[in-house]
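Trainee: 3D model of this:
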Amino acid sequence: MLSRRRLLRRALAGGTAALACGALALGGIPAAGAASPASTTASAKAVAWLKTQQQSDGGFEVAGFAGFETRDAALAIAEAAQTGSQWNPVEARNAVTSTVKNGKNPLDYLATFVADPTLGAGNAAKTIVLTTAPLGLDPTSFGGVNLVAKVAAGAHPDGSYGTVGAFSDTLYAALADRLTIGSVPAATLAFITAAQQTNGGWNFAGDPTGTDNDPDTTGLAMQALIAGGVDPHGAAVGAAAGELVLAENHNGSWDSPFTSPAGTGDPNSTSLAILGLTAYGLDSAGLQNFARRWDTSAFANTDGYLIGLQQPDGRVASPNDSFPPINTSATSQTVEALLHNWLPIAGVGYQVVRADGHVTGLGGAGSSSATWNGVVGAAATNSSRGTWLAVANGGVITEGDAGFYGSMGGTKLNQPVVGIAPTPSGKGYWLAAADGGIFTFGDAPYLGGLGAIRLDKPIVGIVATADGRGYTLFASDGGVFAFGDATFRGSMGGIRLNQPVVGGAATPDGRGYWMVASDGGIFSFGDAAFKGSLGSLRLDKPIVAMSSTGSGGGYTMVGADGGVFTFGDAPFLGAAVGEPGSAAVAIVS
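Mentor: Sure thing, here's the model as predicted:
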């Protein structure tokens with residue numbers, strides 16, 4: 001007979017589908033949503049207190065440990081300044097740079113901090129994750145320091161980074177890699193997974209033989225794995241989620257390894273646990289309801305626990321306050337957990353994009369009601385906090401933290417643009433036209449096109465290789481054209497199709513791809529695994545696009561009516577059917 005612990009892990013590893021229709025019949029896991037009004041109010045009050053703690057050098061190192069507090073404090077200020085549902089790096093940057101004392105702001109302090117020649121990979125990575133990426137700053141030249149190079153220099157053959165034994169260095173490096181090069185090395189994901197304890201958690205040292213689950217490290221490890229494309233509902237992340245659910249106290253908190261008495265909680269540990277579970281897809285209310293299914297006694301709301309620690313002046317109280325001076329760490333990380341609009345870097349959500357530019361976010365992904373004409377394709381930023389929209393006339397629209405690097409708007413094109421693919425760095429993109437013409441912007445290299453060749457059928461989509469040194473074009477007749485280091489893995493060219501191909505997606509390693517037809521038929525090549533299709537079903541509206549999961553173990557299709565269909569490890573988080581506006585044209589995950 002399965003123990004309660006093993007049964008819970010199995011449920012969480014099975015994800016929404018297992019809970020909704022499996023033998024456990026527990027109902028679905030609700031996706032993490034936006035911050036509650038109470039959390040927003042508490043965060044604003046907390047940030048007001050934080051600003052009173054700024055030091056004369058612009059930083060927030062109240063405890064006197066270099067780099068310990070300023071990055072989190074700056075991120076908390078940036079998060080509280082957000083006014084929309086998608087991350088705005090300009091708002092973030094303005095909020096931080098306008099926080100001034102003695103003529104200096106937090107970036108002045110951090111520029112001095114990273115200039116230290118002894119700066120290691122872990123601190124460089126943490127600065128990318130908490131500072132340069134959310135504020136839209138160049139990580140290759142922050143304070144005159146190339147933080148990306150610092151991280152790369154700290155890589156070890158086993159996939160770890162930084163100081164040996166400092167497991168968090170590797171976790172932050174994984175997140176930094178996702179943000180700067182678009183992916184996490186397979187060896188790093190394997191190293192993180194191998195450090196997991198049999199109880200499902202991780203300890204501070206990353207020792208798999210231990211039993212001392214540390215919620216801070218476990219929450220951060222979950223974020224790193226999910227950002228690296230590991231299936232959120234697979235064995236590793238599912239076991240970690242199960243361990244965190246079981247470790248939650250009835251007051252809605254998590255203990256640190258040093259909490260005394262046990263069961264009273266720690267705000268830092270609670271905040272990191274919340275962010276890990278948010279990446280998994282559980283918000284505070286969803287976690288509260290889910291926990292009750294496994295323990296009939298009452299569980300408090302996790303956000304409520306953090307808000308309950310807030311003092312009249314806005315500070316969040318911590319057990320560490322008994323060791324003066326009182327620092328800012330608990331308050332800053334509480335804001336990050338309550339708002340969760342930058343961290344976690346990636347989660348389980350997706351966006352349905354319509355031809356009029358309307359973006360519907362599902363599963364916690366951001367939405368946008370901006371109106372544009374002629375949108376034909378879309379792509380997400382590495383942080384999943386922004387979106388590029390491609391317009392048929394060659395225009396490019398940016399949402400959230402997506403950077404604008406140029407467009408063909410205002411230029412007469414031979415054929416309309418049909419798709420967009422970003423570079424791994426997120427600092428550029430390619431536009432593909434129906435005649436196979438390629439337009440490059442930012443750091444996207446031109447590697448060839450089909451504009452001078454007469455095609456049998458038009459191009460309908462483009463995907464880039466994992467290293468950004470190649471791209472693949474898909475044609476409506478199933479033809480495939482590879483450029484640069486992209487490899488031709490096969491096509492449907494010359495084969496009679498029931499319905500035309502409308503799009504495609506690549507596997508994470510670039511060694512395979514899928515194409516999808518308007519009837520939902522799927523054609524897989526290379527290491528792209530077939531996980532099912534809709535080719536035998538009658539659809540209300542045709543399929544218009546597809547996207548793949550970060551693990552490469554699944555894919556999602558969207559119909560012109562906003563209907564969403566998931567296969568493999570792609571989670572179903574809702575659809576956009578019945579919403580006003582024009583037809584759907586893309587799905588971004």
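Trainee: all helices for the stretch 201-350 of the chain, in order.
Mentor: Using DSSP state H, counting those that start in this stretch, the helices assigned to the stretch 201-350 of the chain run over residues 215-227, 235-247, 267-280, 284-294, 302-308, 329-339.
Trainee: Mean neighbour count added to those helices, as TSV?
Mentor: The way it works is simple: take the backbone N, C-alpha and C, and place the C-beta from them, glycine included. Output for these, formatted as TSV (neighbours: other C-beta atoms under 10 Å):
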stretch	mean neighbour count
helix 215-227	28
helix 235-247	23
helix 267-280	28
helix 284-294	19
helix 302-308	23
helix 329-339	27
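Trainee: Helix or strand with the lowest mean pLDDT in the protein?
Mentor: helix 4-21 (a mean of 46; mean pLDDT, DSSP states H and E).
Trainee: List the residues that contact Ala76.
Mentor: With contacts defined as C-beta atoms under 8 Å, 6 or more residues apart in numbering, the neighbours of Ala76 are Ser43, Ala46, Val47, Leu50, Thr331, Ser332, Gln333, Val335, Glu336.
Trainee: Can you read off the pLDDT for the residue nearest the centre of the chain?
Mentor: In the chain, the C-alpha nearest the mean C-alpha coordinate belongs to Ala346, at 1.5 Å (C-alpha atoms, centre = their mean). pLDDT for Ala346: 72.
Trainee: next one: Gly451
Mentor: pLDDT at Gly451 comes out at 84.
Trainee: For the stretch 351-500 of the chain, give me the ranges with low pLDDT.
Mentor: Within the stretch 351-500 of the chain, no range satisfies pLDDT under 70.
Trainee: If we use 90, what do you get?
Mentor: Where the stretch 351-500 of the chain drops to pLDDT under 90, the residues are 361-373, 383-386, 400, 451-452, 466, 493-494.
Trainee: any chance you could map the helices in the stretch 1-150 of the chain?
Mentor: Using DSSP H, counting those that start in this stretch, helices in the stretch 1-150 of the chain cover 4-21, 37-52, 70-80, 89-97, 106-114, 121-127, 147-153.
Trainee: mean pLDDT lowest for which of the ones you listed?
Mentor: helix 4-21 (a mean of 46).
Trainee: Quickly check the contacts of Ala76 for the two that are furthest apart.
Mentor: By the measure C-beta to C-beta, Val47 and Gln333 form the most distant pair in those, at 12.6 Å.
Trainee: returning to what we had before: run a quick check on the residue nearest to the centre of the chain versus Gly182, I expect a contact.
Mentor: No. Between Ala346 and Gly182 there is no contact under C-beta atoms under 8 Å: 11.1 Å.
Trainee: hang on, the earlier thing: can you lay out the helices of the stretch 1-150 of the chain as JSON lines showing distance to Arg469?
Mentor: JSON lines is the format used below for the helices of the stretch 1-150 of the chain (distance: least, C-beta to C-beta, whole Å):
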{"stretch": "helix 4-21", "distance to Arg469": "34"}
{"stretch": "helix 37-52", "distance to Arg469": "42"}
{"stretch": "helix 70-80", "distance to Arg469": "33"}
{"stretch": "helix 89-97", "distance to Arg469": "27"}
{"stretch": "helix 106-114", "distance to Arg469": "29"}
{"stretch": "helix 121-127", "distance to Arg469": "24"}
{"stretch": "helix 147-153", "distance to Arg469": "17"}
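Trainee: Go through the ones you listed and name the closest to Arg178.
Mentor: Of all the helices of the stretch 1-150 of the chain, helix 121-127 comes closest under C-beta to C-beta, at 10.6 Å.
Trainee: CA atoms only for that closest one, dumped as PDB, please.
Mentor: Taking Å, rounded to 0.1, in the frame of the first residue of the first chain, the C-alpha atoms of helix 121-127 are listed here in PDB:
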ATOM      1  CA  ALA A 121      30.100  32.800 -11.100                       C
ATOM      2  CA  GLY A 122      27.400  32.500  -8.400                       C
ATOM      3  CA  ASN A 123      27.300  36.200  -7.600                       C
ATOM      4  CA  ALA A 124      27.600  37.100 -11.300                       C
ATOM      5  CA  ALA A 125      24.600  34.800 -12.000                       C
ATOM      6  CA  LYS A 126      22.600  36.100  -9.100                       C
ATOM      7  CA  THR A 127      23.100  39.700 -10.300                       C
END
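Trainee: What lies in contact with that helix?
Mentor: With C-beta under 8 Å, 6+ apart as the test, helix 121-127 has contacts from 67, 71, 110, 113-114, 139, 142, 145, 147-148, 150-155, 161-163, 166, 168-170, 172-173, 175-176.
Trainee: hmm, 6 Å instead?
Mentor: 67, 114, 147, 150-151, 154, 161-162, 166, 169, 172-173, 176 (C-beta atoms under 6 Å, 6 or more residues apart in numbering).
Trainee: Kindly write the ChimeraX command that selects the buried subset of the residues you listed.
Mentor: Burial among the contacts of helix 121-127 is assessed by 16 or more other C-beta atoms under 10 Å; the matching ChimeraX selection reads:
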select :67,114,147,150,151,154,161,162,166,169,172,173,176
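Trainee: Let me have the contacts of helix 121-127 in JSON lines, extended by distance to Ala205.
Mentor: Listed next are these as JSON lines, based on distance: C-beta to C-beta, whole Å:
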{"residue": "Gly67", "distance to Ala205": "21"}
{"residue": "Val114", "distance to Ala205": "26"}
{"residue": "Leu147", "distance to Ala205": "25"}
{"residue": "Lys150", "distance to Ala205": "23"}
{"residue": "Val151", "distance to Ala205": "21"}
{"residue": "Gly154", "distance to Ala205": "18"}
{"residue": "Tyr161", "distance to Ala205": "15"}
{"residue": "Gly162", "distance to Ala205": "13"}
{"residue": "Ala166", "distance to Ala205": "8"}
{"residue": "Asp169", "distance to Ala205": "12"}
{"residue": "Tyr172", "distance to Ala205": "15"}
{"residue": "Ala173", "distance to Ala205": "16"}
{"residue": "Ala176", "distance to Ala205": "21"}
